[in-house]
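Engineer: sharing a sequence plus its predicted fold:
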Amino acid sequence: MRSLKLTSHFEELLSEKIIAIQPLSGGDINDVCLIHTNQQKFVAKVNSASEFPGMFEAEAKGLEKLKDSNTFTIPDIIRFGEFDDIAFLILEYIDSGKQADTFWEIFGEQLAALHQQNDSYFGFENDNYIGSLPQYNTICDSTYKFYVTQRLQPQFELARQNGFSFSDVDTFYNVLKDEIPNEKPSLVHGDLWSGNFMIDMQGYPCLIDPAVAYAPREMDIGMMHLFGGFNSSVFDIYNEVFPLTGNWKDRLPIWQLYYLLVHLNLFGSSYYNKVKSIVNRYS
């Protein structure tokens with residue numbers, strides 16, 4: 001915890017005495033810790049309110065939206081706010097359990113159910129974050145418009161500001177018009193890599209750290225394939241419940257491009273050639 005004053009503030013919010021604070025790993029952007037009180041445990045995430053304005057409020061809204069879908073296990077939001085330029089989010093602590101024998105099949109069914117939560121337009125009620133970068137969710141009326149204007153263009157512009165150049169991006173955008181299926185907007189986790197799910201005490205999947213929007217559902221599928229960590233049976237069951245449009249595997253690089261651009265802007269040049277190869281492939 002960053003200060004004794006913050007600890008006291010948390011005690012007031014929780015109406016419980018904090019008896020121990022244990023740092024947790026996995027916080028590249030935020031400091032994450034396990035709070036022990038006399039009665040229970042909580043997870044707290046803290047960062048700079050001025051550096052990442054509105055991050056935890058947006059995360060809380062995303063978690064609430066996922067929880068309202070009645071699909072995956074989602075931690076309850078206990079409190080969020082600011083204190084002395086420190087932003088914080090306090091969440092229900094969920095114990096980790098042993099993976100159920102049908103874990104991956106359940107994951108596929110629940111993901112299909114999540115993606116069947118639709119809206120009339122692409123976007124979300126507020127902007128949020130992807131990692132430490134702003135993610136924009138202005139309402140759009142087509143898959144193509146949303147993906148290009150709210151996902152790709154901001155990242156390409158940031159990459160340009162960071163010194164990376166790409167030719168034929170406009171040609172690439174034009175090609176996408178015929179490549180992207182115009183499906184209904186689906187509720188997506190938005191940053192679904194293997195580090196953003198855990199196994200609860202019942203052995204079922206629990207989702208954390210979302211970047212929620214009503215978006216093309218293949219974005220989640222693309223991210224899941226990008227860095228691995230998901231059993232192939234997830235996609236088999238998913239396709240039985242909510243079949244993906246034909247040739248979906250061929251489109252994976254299109255959706256992965258967004259996440260690779262995010263990694264390029266966060267972590268630098270090691271992702272440049274991967275981004276460039278996708279642009280060139282479709283230009």
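Structural biologist: Done, it's in.
Engineer: pLDDT below threshold where in the stretch 1-150 of the chain?
Structural biologist: Counting by pLDDT under 70, the stretch 1-150 of the chain contains low-confidence ranges at 1-2, 26-28.
Engineer: can you pull out the strands in it?
Structural biologist: 18-24, 31-37, 41-48, 77-83, 86-92, 128-130, 133-135 (DSSP state E, counting those that start in this stretch).
Engineer: out of those strands, which gets nearest to Tyr259?
Structural biologist: strand 128-130 (8.0 Å; CB to CB). Every C-beta, even on glycine, is put in place using the N, C-alpha and C of the backbone.
Engineer: so what touches that closest one?
Structural biologist: Identification of contacts with strand 128-130 by CB atoms under 8 Å, 6 or more residues apart in numbering yields 52, 55, 58-59, 61-62, 134-135, 137, 190-191, 211-213, 262.
Engineer: give me the sheet partners of that strand and which way each runs.
Structural biologist: For strand 128-130, the paired strands and their directions (DSSP bridges) are strand 133-135 (antiparallel).
Engineer: quick one: Cys140 and Asp119 touch, right?
Structural biologist: No. At 11.2 Å, Cys140 does not count as touching Asp119 under the criterion of CB atoms under 8 Å.
Engineer: compare those two and say which is more crowded by neighbours.
Structural biologist: Cys140 (19 against 16; other CB atoms under 10 Å).
Engineer: before we move on, back to that, now, the most widely separated pair of the contacts of strand 128-130?
Structural biologist: Among those, Lys61 and Val262 lie farthest apart (CB to CB), at 20.2 Å.
Engineer: so which of these two has more stuff around it?
Structural biologist: Ranked by neighbour count (other CB under 10 Å), Lys61 and Val262 place Val262 first, with 22 against 19.
Engineer: so the more buried one, which of the three states?
Structural biologist: The three-state label given to Val262 by DSSP: H, G, I helix; E, B strand; the rest coil is helix.
Engineer: how is this protein carved up into domains?
Structural biologist: As recorded under automatic domain parsing, the domains making up the chain are 4-92, 103-281.
Engineer: please identify the most buried of those domains.
Structural biologist: domain 103-281 (a mean of 18; mean count of other CB atoms under 10 Å).
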